[in-house]
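Colleague: the sequence isn't on hand, but the structure is:
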């Protein structure tokens, strides 16, 4: 009888110890020797976890090793200093149905950069688009226009060969920033673009940037990660 009681007591004690260890592990109360400020101390795991949560406003930072936050200034991420400011600007686009369309970035960018009226730029681009097939009949642009696959309305887009020549006649020079095999070297960032007024060409879009401020009807920088193929700048002596 005595042996049975002792055996039962031993089993009960073992179960209690096991449950206590499980409970302590579950709540993170096990002590762990860590080095803080050059001193070895026994700190509960839960204390480390709480300390980790409190650092950096919730960022996961271990108290023994401060997280390297230098990546916040990495230009490739579009984070930190150097991003373009944004100012809404539609170039003075009228509400007339004639100018209806959301692919008028070429007209808008040129109007903002040159200071011309939106209607003046739109009419000139339309005229040049209609006249283009008569002068360049063999190129793809002419075939697209004559076949009806492309519209002559600047509100639906303008071919580079059309607006490029127009800007050249206005005294603007094309500066490429991306070449075959070079990869992306310039992004839509204030610290990567020149000062002054420029017209940036990105994928399927044109926008005007004036002294680090983007002027457009939406922010197209993709947080500073969008690649710039090149930009138009006013030729010296033609200002």
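Modeller: Received it, and whenever you're ready, just let me know what you need. Because the structure is predicted, anything quoted here is derived from the model rather than measured. Numbers count the residues shown, from 1 in each chain.
Colleague: which residue packs closest to residue 178, ignoring adjacent ones?
Modeller: Computed as C-beta to C-beta, 6 or more residues apart in numbering, the closest residue to residue 178 that is not its neighbour in sequence is residue 229, at 5.0 Å. No exception for glycine: its C-beta is placed from N, CA and C like everyone else's.
Colleague: where do the strands of this structure begin and end?
Modeller: Assigned by DSSP state E, the chain shows strands spanning 31-36, 39-44, 85-88, 172-176, 197-202, 205-210, 213-216, 230-234.
Colleague: output those as CSV; include the columns distance to residue 101 and mean neighbour count.
Modeller: Formatted as CSV, the strands of the chain follow (distance: least, C-beta to C-beta, whole Å; neighbours: other C-beta atoms under 10 Å):
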stretch, distance to residue 101, mean neighbour count
strand 31-36, 64, 12
strand 39-44, 65, 11
strand 85-88, 18, 12
strand 172-176, 24, 15
strand 197-202, 19, 22
strand 205-210, 14, 22
strand 213-216, 15, 20
strand 230-234, 22, 20
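Colleague: for the residue nearest to residue 178, grab the count of nearby residues.
Modeller: Using other C-beta atoms under 10 Å, the number of residues around residue 229 comes to 14.
Colleague: got a list of what it touches?
Modeller: Residues near residue 229 by C-beta atoms under 8 Å, 6 or more residues apart in numbering: 176-178, 201-203.
Colleague: low-confidence stretches in this structure?
Modeller: 1-11, 13-14, 16-80, 133-152, 237-239 (pLDDT under 70).
Colleague: now do the helices in it.
Modeller: 2-26, 45-54, 105-114, 118-135, 140-147, 160-169 (DSSP state H).
Colleague: looking at the contacts of residue 229, which one is closest to residue 89?
Modeller: residue 202 (16.7 Å; C-beta to C-beta).
Colleague: right, and that closest one touches residue 214 too?
Modeller: No - between residue 202 and residue 214 there is no contact under C-beta atoms under 8 Å: 10.9 Å.
Colleague: which residues are common contacts for these two?
Modeller: 188, 220.
Colleague: hmm, residue 211 and residue 84 touching each other?
Modeller: No - in this structure residue 84 lies outside contact range of residue 211 using C-beta under 8 Å: 10.3 Å.
Colleague: more neighbours, those two?
Modeller: Higher neighbour count among residue 84 and residue 211: residue 84, with 25 against 12, using other C-beta under 10 Å.
Colleague: can you name the residues that contact the more buried one?
Modeller: Residue 84 neighbours (C-beta under 8 Å, 6+ apart): 188-190, 193, 209, 212-214, 221, 224.
Colleague: let's go with 6 Å and repeat that
Modeller: Shown in contact with residue 84 (C-beta atoms under 6 Å, 6 or more residues apart in numbering): 190, 214, 221.
Colleague: using TSV, lay out the residues you listed together with distance to residue 107.
Modeller: Compiled in TSV, the contacts of residue 84 are given as follows (distance: C-beta to C-beta, whole Å):
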residue	distance to residue 107
190	25
214	17
221	20
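Colleague: from those residues, which is closest to residue 96?
Modeller: Closest to residue 96, out of all of these and judged by C-beta to C-beta, is residue 214, at 25.8 Å.
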